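Trainee: Let me see the structure of the following:
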Amino acid sequence: MDTVKKQVFSLDSYRMECGETIPITVGFETYGELNEKKNNAVLVCHFFSATSHAAGKYSHDDADPGWWDALIGPGKAIDTDRYFVLCTDNLCNIQAKNPNVVTTGPRTVNPQTGERYGTSFPAFTYRDMAGIQRELIRSLGIEKLLAVAGPSAGGMQALNWAVHYPDMMDACVVVISGAQTPVLTSLAYLQAAIDAIILDPKWKDGTYDEGEEPEAGLHLALQLMNLAAYQYGWYESSFPRDAKRDVISPSYQKNPEFAEAFKEAVSKRMQPYDASHYVYTARAVMMHDIARGFDSLEEALGRIQARVLMIPCVSDLLFPPQYSKQAVDIINRKGGRASYYEIDSPNGHMAGVVDAHLFAEPLASFLRGKDI
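Mentor: Below is the predicted model of the structure:
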């Protein structure tokens, strides 16, 4: 694949699900070519901590390609010789400090005040992201998508597309996600992470200055999310105990070496992250509920016209497989076409990203019109 370029999409005003209207700007990337009929487009949506850089490299010197590069490219499951693939940066992208991310969020300057939005920024949802992506798609002259796909928060966006724009897509692929964020996931990893950030004295209701950021709170928030992203075995091998070197210190302040190794790994990851964007994104994931605005989950999922493929992981602690099974059962009971493909990996929730080879073949078949 050739090197990819970041593009920018803006709307002078966008009405959010919460009722507020603001101007928005987000980045996006494309892979492959849009055909003459403009009927070969696939929208890929990114997960919680990712960006629109789903595949390829910005330059040949880049160490790593995009996060779903194993699936997107010539001859791959999402074949760029066949499909035109798009991926957008989400609102409040937590990698706000990443120079390759274009996002609107609390660290953006409010054009009406000349000051950063801070916590006056309206709460966003993944229904909002689907609506913004819809405007982008239309601006490119695309009337209907072949598919919308994504892992985790990307799957939440895909389902919002399927429910709210049912006639604009043929297929929906939901990886390690579901129709509603589990309450345990919301409380144990998301609300607790939000609390960790806002209890940091440097939080200042989101008005902190550059260089005075609530890094301690953000670090703890990231620890909480990371601890649920993988499965038990991954942590045992990645941060092993060493009984020969593990000497009991008289001070409680000295952490075991495996704990320090984990904290250091989190510190390296958090460099491009912003605390206020993390708070807003965590809230959006908590608020993910396809049934919102409908009388029931059954009514919401009954609106889906697209073929649906749900791909959970057996060892996922954040979205256990029963949530995917529930959605598949409801869709089929309501007369839809939903398939279920379960993967097994020690990588837990992150298997939907790092173990893409486990579902590449069924994904490719599904995109070509075959039910799994």
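Trainee: hang on, Asp12 in a strand?
Mentor: Yes. Looking at Asp12 with DSSP: H, G, I helix; E, B strand; the rest coil, it is inside a strand.
Trainee: in which helix or strand would I find Thr113?
Mentor: According to DSSP states H and E, Thr113 maps onto no helix or strand at all.
Trainee: Please report the number of neighbouring residues for it.
Mentor: As a burial measure, Thr113 scores 9 neighbours (other C-beta atoms under 10 Å). To be clear about C-beta, it is placed using only N, CA and C from the backbone, and glycine gets the same treatment.
Trainee: Repeat that for Gln326.
Mentor: 16.
Trainee: Pull the contacting residues for it.
Mentor: Each residue near Gln326 by C-beta atoms under 8 Å, 6 or more residues apart in numbering is listed here: Gly178, Ala179.
Trainee: That one and His164: what is the separation?
Mentor: Distance, Gln326 to His164, by C-beta to C-beta, to the nearest Å: 20 Å.
Trainee: Please apply the same query to Ala41.
Mentor: Using C-beta to C-beta, which is the criterion applied here, Ala41 is 18 Å from His164.
Trainee: These two: who's more crowded?
Mentor: Taking other C-beta under 10 Å, Ala41 and His164 do not tie; Ala41 has more neighbours (24 against 16).
Trainee: which ones are touching that one?
Mentor: Counting by C-beta under 8 Å, 6+ apart, Ala41 makes contact with Leu34, Tyr83, Phe84, Val85, Leu86, Ile137, Leu140, Ile142, Leu145, Leu146.
Trainee: hey, what's it bridged with?
Mentor: For Ala41, the beta-bridge partners are Phe84 (DSSP bridges).
Trainee: My reading is that Ala171 lies in a strand. Confirm?
Mentor: Yes. Assessed by three-state DSSP, Ala171 belongs to a strand.
Trainee: So which bits of the helix or strand bottoming out on mean pLDDT in the chain are buried?
Mentor: Ranked by mean pLDDT, DSSP states H and E, the weakest helix or strand in the chain is helix 257-269, scoring a mean of 86. The neighbour-count check on helix 257-269 (16 or more other C-beta atoms under 10 Å) flags Phe258, Phe262, Val266 as buried.
Trainee: Likewise for stretch 12-24?
Mentor: Residues Tyr14, Met16, Glu17, Ile22, Ile24 are the ones in stretch 12-24 that count as buried (16+ other C-beta under 10 Å).
Trainee: How are the strands of the stretch 51-200 of the chain distributed by residue range?
Mentor: Assigned by DSSP state E, counting those that start in this stretch, the stretch 51-200 of the chain shows strands spanning 72-73, 78-79, 84-88, 145-151, 169-175.
Trainee: Fine, thanks again, bye for now.
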